[in-house]
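> Turn this into a structure:
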Amino acid sequence: MFSVERKSVLRRALALGAVLTLGITASGAAIAQSMVVRSAGPSAAQYPAGKKLPANTKVVLKASDRVTVLDKAGTRVLSGPGTFTLDGAVKRDQTQSTQIASLLSTSGGASRTRTGAVRGAPSEAKPAAPRSPNLWFIDASKAGKFCVAEPNRLLFWRSSVADDVNLKLSGTGGASADLLWKKGSGNRVWPFAEVPVVSGSSYTLTGPDGAAKKIDLVVLPSVPTEIDEVAGTLIENGCENQLSLLVESMAAIEPDTATSGDR
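Okay, here's the model as predicted:
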């Protein structure tokens, strides 16, 4: 019964997400505001993570600078020295829009494990490590801070589904619950009854080998609908794992959007 209800919610969420995403890209191009998501080098202080760059901004970089920006057109890595104009037009087909809607869906997203593509790589190249198909899943292999979009629909995700595995989730006040994954299952619902979801609280996820990972939850009061604003929210709240997932997923979904600098 849960799976049927979840599929229904997923279909509605994907349809709405696709409409919202296509709405900004249909019939031509829309110029996108960009946001810095990574920066290193002499100009890093000038272009810190979270900095918004209006359309047609010229980014002037020095030697050894490396700045990653994200907008509705995807991600681009700017390497100095050079001057770069962020005038990327948003051009996206329905398949790409559906993939992005699934990634950003706050109602669960796809339950299937997706392997990241390596664009432009030879066919014999080793595939990239599997990535979570949804931004709001908690990756059971990672510790750190996680931003929560829908606390009543929180799910764990694992990259390998080859075997059964049992993890233990512990919260404050001695609360705990077992998380049993059956072979072939990639997702596990957060055990709300045993371990309540509380914003600002820390939890421990312990594996069968005794290794423990600390998880800190931040329940978002609202979730932006624009990709760059989602990135900004993740940066502001220190949800680094999800920011990396967003950047890597957008780079895999979108076509190459190389930006050349005037040297």
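> before we move on, which element is residue 59 in?
strand 58-61 (DSSP states H and E).
> what number of residues lie near residue 213?
Counted by other CB atoms under 10 Å, the residues lying close to residue 213 total 16. C-betas here are computed from N, CA, C, even on glycine.
> Is it correct that it is in contact with residue 170?
No - in this structure, residue 213 is not within contact of residue 170 by CB atoms under 8 Å, at 10.9 Å.
> Name the residues contacting each of those two.
In terms of CB atoms under 8 Å, 6 or more residues apart in numbering, residue 213 and residue 170 are both contacted by the residues 204-206.
> So for the helix or strand where residue 188 lies, what gets flagged as buried?
Taking DSSP H and E as the definition, residue 188 sits inside strand 187-189. Using 16 or more other CB atoms under 10 Å as the test for burial, strand 187-189 gives 187-188.
> Packing partners of that strand?
If contacts are counted by 3 or more CB pairs under 8 Å, 6 or more residues apart in numbering; DSSP states H and E, strand 187-189 sits against strand 155-157, strand 176-181.
> how does it look with 6 Å?
Of the remaining helices and strands, those touching strand 187-189 by 3 or more CB pairs under 6 Å, 6 or more residues apart in numbering; DSSP states H and E are strand 155-157.
> I would like the residues contacting the strand it packs on, please.
Under the criterion CB atoms under 6 Å, 6 or more residues apart in numbering, residues 132, 137-140, 186-189 lie in contact with strand 155-157.
> Closest one of those residues to residue 196?
Each of these was checked against residue 196 using CB to CB; the closest is residue 189, at 13.6 Å.
> what is that closest one paired to in the beta sheet?
Residue 189 has these beta-bridge partners by DSSP bridges: residue 155.
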